[in-house]
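Student: make a model of this:
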Amino acid sequence: MSSLGTSTLAHYLGNDQLKRLELLGLRIDSKTLAEFMASELGVDVLKNRELRYELFISLSREKLNKFLNTSPSGLGDAVIKFNQFNWGDNEKSRRVLSLFNLDPDLLKKSSVDLTASFDLAIESPLHTYQNWLRKKVVTQLLIGRERRFLLHMPTGSGKTRTAIESLIDYIRCLDDGSINLVWFAHSDELCEQAAESITAIWKRHGSEKAQLVKLWGGRACQTLGKKGPKFIVTSFQTAYQFLHTSDDQRFTLFAEIKQKCRVLIVDEAHQSTAPTYQEAIELFSGPETRIIGLTATPGRHHIHQDEEETNKLVNFYCGKKITIVGDKGEELANPLQFLTDKGILARVDRYQLNSKQEFELSPAEIRHISEQLEIPSGVLKKIGKNAARTELIATHASKLAREENASIVIFAPSKDNAVELSCLLLYLGIETRSITSNSSIANRRESIQLFREGSVSVLVNFGVLTTGFDAPNIDTVIVARPTTSIVLYSQMIGRGLRGEAMHGTASCKIIDIVDNIINMPRVDKAFKFFDECYK
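Tutor: So this is what the prediction gives:
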């Protein structure tokens, strides 16, 4: 641009700008003026059509002819015609920059977007129903009359994430976020899941520096930080030990946690009224503590049983239950169907296998089932020892694994039967692992990881994987453990109900062994089984 000369550039720069340069003591020549104009305006200096024209005609005729693709006789008219365009992020402006050996991408940096309205994208947003529940939970925490309430969501619909994002929003609403939030769970696996989720979600949405305290499985902590929110994740077993410790340091930590405990979350909240659980909850709760119970099954009684145990749970949570709503916040007649239609939950393909086996019960066993409405362990072991039944289950599971490449979880009636089923499946050529209470935590984790990766096709378990177990690839659940407990049954089938929208499967086979289920309601009825108790 300096080739235009001092007088030409001075004309386009203007008297005021020239005086500024003179006051700065700068030498007024074409190089200085060109550099000043480029520094102040960048490529936008070429918005001025007259200046552009001066630059065009300063080029050699040969270069200009080639650029405009015209004859020398018509060059003047061609320059005038080409120059009739508005400067901006367009083809002619890019050609001009290329002509003067400048980067055409400079136009993107200098152009101004005049769009007035934008949709702001959210990274991994909550589903609409989760967002409604988040709002309801935060409102209840801040101004709700009931200090205790349940968050009722089916397995696979995101209870943990919904609860954690609600807690983060609650913290943002406080003048002083230096509070304790205690998360109770009844197994090491559930504690680990909660801690991992809190860490991941706080990194994305947290508002300040926070502290995560892990108190389960023998872990110890000396003291809490002074500032910021503290998430204390603990098992009921560890919490109960705190209450009965003779260690002054542990008792001091317990008192420190309780003193500023503003929210206490109880995972698998249907167990809250068990004596040891209730004692731990009550003693960790201060006068300002709000308690949120998380559960897929907000009750405790069995089918056709007296509702007394469920009523205790209802009263414990002040009769307040927040549950799944529609996209507009409306109450739903069939929440599971709503979530299935959205792909949150997998479609259920349910059928039965008839073992054709008869089990003779003793008078005491018959009385136990009549009074307790639950099958005694002796009967479960007897059923598990039936070779024909075990062979039927293993043969059917091996066929599904081999022909349909199914990822199968089997709930066995006893520890011994879980091991026997695993051995039989291995004999049939199916990669299988068994998990029982005898399995070490390391062995459980390894088996579950191999199953998630697809190296293992079948997990057989007894009494372990009903909670605290998340493997989105499960597409088949075989319920071979007899039960009349709506809670236990819901937990078992819930392992396979995570849908594609939650990184699970489109459909899931639920296979009941016919001697297994007594008067069990359909899956879509199970979620609302306890609703009458909350009215």
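Student: so what's residue 84 up against?
Tutor: Taking Cβ atoms under 8 Å, 6 or more residues apart in numbering, we find residue 84 in contact with residue 49. Quick note: C-beta positions are derived from backbone N, CA and C, even for glycine.
Student: kindly confirm my reading that it is in a helix.
Tutor: No. Under DSSP: H, G, I helix; E, B strand; the rest coil, residue 84 sits outside any helix and is assigned coil.
Student: what about residue 460, helix or strand, and which?
Tutor: Using DSSP states H and E, residue 460 sits in strand 458-461.
Student: neighbouring strands of that strand in the sheet, and parallel or not?
Tutor: strand 408-411 (parallel), strand 432-435 (parallel) (DSSP bridges).
Student: spell out the secondary structure type for residue 293.
Tutor: Assigned by three-state DSSP, the conformation of residue 293 is strand.
Student: got a list of what the closest residue to it other than its chain neighbours touches?
Tutor: Distances taken as Cβ to Cβ, 6 or more residues apart in numbering place residue 269 nearest to residue 293, at 2.8 Å, with adjacent residues excluded. By Cβ under 8 Å, 6+ apart, the contact list for residue 269 reads 150, 293-295, 298, 313, 317.
Student: which two among those residues are spaced furthest apart?
Tutor: The distance between the two most remote of the contacts of residue 269 (Cβ to Cβ) is 13.1 Å, for 294 and 313.
Student: tell me which helix or strand the spatially most central residue of the chain sits in.
Tutor: What sits nearest the mean C-alpha location of the chain, by Cα atoms, centre = their mean, is residue 161, with 4.9 Å. In this assignment (DSSP H and E), residue 161 forms part of helix 159-172.
Student: just checking: what are the partner strands of the following helix or strand past that helix?
Tutor: Downstream of helix 159-172, the first helix or strand assigned by DSSP H and E is strand 180-185. Using DSSP bridges, the strands paired with strand 180-185 are strand 230-235 (parallel), strand 261-266 (parallel).
Student: and the last one, what's its mean pLDDT?
Tutor: On average, the pLDDT along strand 261-266 is 94.
Student: who's in contact with the residue nearest to the centre of the chain?
Tutor: Contacts here follow Cβ under 8 Å, 6+ apart; on that basis residue 161 touches 126, 130, 197, 201.
Student: pretty sure the last one is touching residue 165, no?
Tutor: What that stands for is residue 201. Yes. Assessed by Cβ atoms under 8 Å, residue 201 is found in contact with residue 165 at 6.3 Å.
Student: okay, those two: which has more neighbours?
Tutor: Set residue 201 next to residue 165 and count neighbours by other Cβ atoms under 10 Å: residue 165 wins out with 23 against 18.
Student: the more buried one and residue 408, how far apart?
Tutor: 33 Å (Cβ to Cβ, to the nearest Å).
Student: now swap in residue 59 and tell me
Tutor: Note on residue 59: its distance to residue 408, by Cβ to Cβ, is 76 Å.
Student: helices along the stretch 351-500 of the chain, start to end?
Tutor: Here the stretch 351-500 of the chain has its helices, by DSSP state H, counting those that start in this stretch, at 363-372, 377-384, 387-404, 415-427, 441-453, 486-494.
Student: contact partners for the closest residue to residue 234 other than its chain neighbours?
Tutor: Using Cβ to Cβ, 6+ apart and skipping the chain neighbours, the partner closest in space to residue 234 is residue 215 (3.9 Å). By Cβ under 8 Å, 6+ apart, the contact list for residue 215 reads 221, 232-235, 238-239, 242.
Student: what is the nearest of the residues you listed to residue 172?
Tutor: Taking Cβ to Cβ as the measure, residue 172 lies nearest residue 232 of the contacts of residue 215, at 19.5 Å.
Student: state the distance from the closest one to residue 258.
Tutor: Separation of residue 232 from residue 258 (Cβ to Cβ) stands at 10 Å.
Student: who has more neighbours, these two?
Tutor: Higher neighbour count among residue 232 and residue 258: residue 232, with 23 against 17, using other Cβ under 10 Å.
Student: and the gap between residue 354 and residue 239?
Tutor: Taking Cβ to Cβ as the measure, residue 354 falls 45 Å from residue 239.
Student: higher neighbour count, these two?
Tutor: residue 239 (24 against 10).
Student: which SSE is that one in?
Tutor: Assigned by DSSP H and E, residue 239 belongs to helix 236-243.
Student: in that helix, what's buried?
Tutor: By neighbour count on 16 or more other Cβ atoms under 10 Å, the buried set for helix 236-243 is 236, 238-242.
Student: next, the angle from whichever helix or strand comes after it to strand 230-235.
Tutor: For helix 236-243, the following helix or strand on the C-terminal side (DSSP H and E) is helix 248-259. Going by axes from the mean of the first three to the mean of the last three Cα atoms, to 10 degrees, helix 248-259 is angled at 120 degrees with respect to strand 230-235.
Student: pop out the phi and psi values for the closest residue to residue 51 other than its chain neighbours.
Tutor: Here the nearest residue to residue 51 in space, its sequence neighbours aside, is residue 12; by Cβ to Cβ, 6+ apart that works out to 5.2 Å. Note on residue 12: backbone dihedrals following degrees, to the nearest 10 are phi -80, psi -30.
Student: now residue 12: how far from residue 49?
Tutor: Residue 12 sits 11 Å away from residue 49, taking Cβ to Cβ as the criterion.
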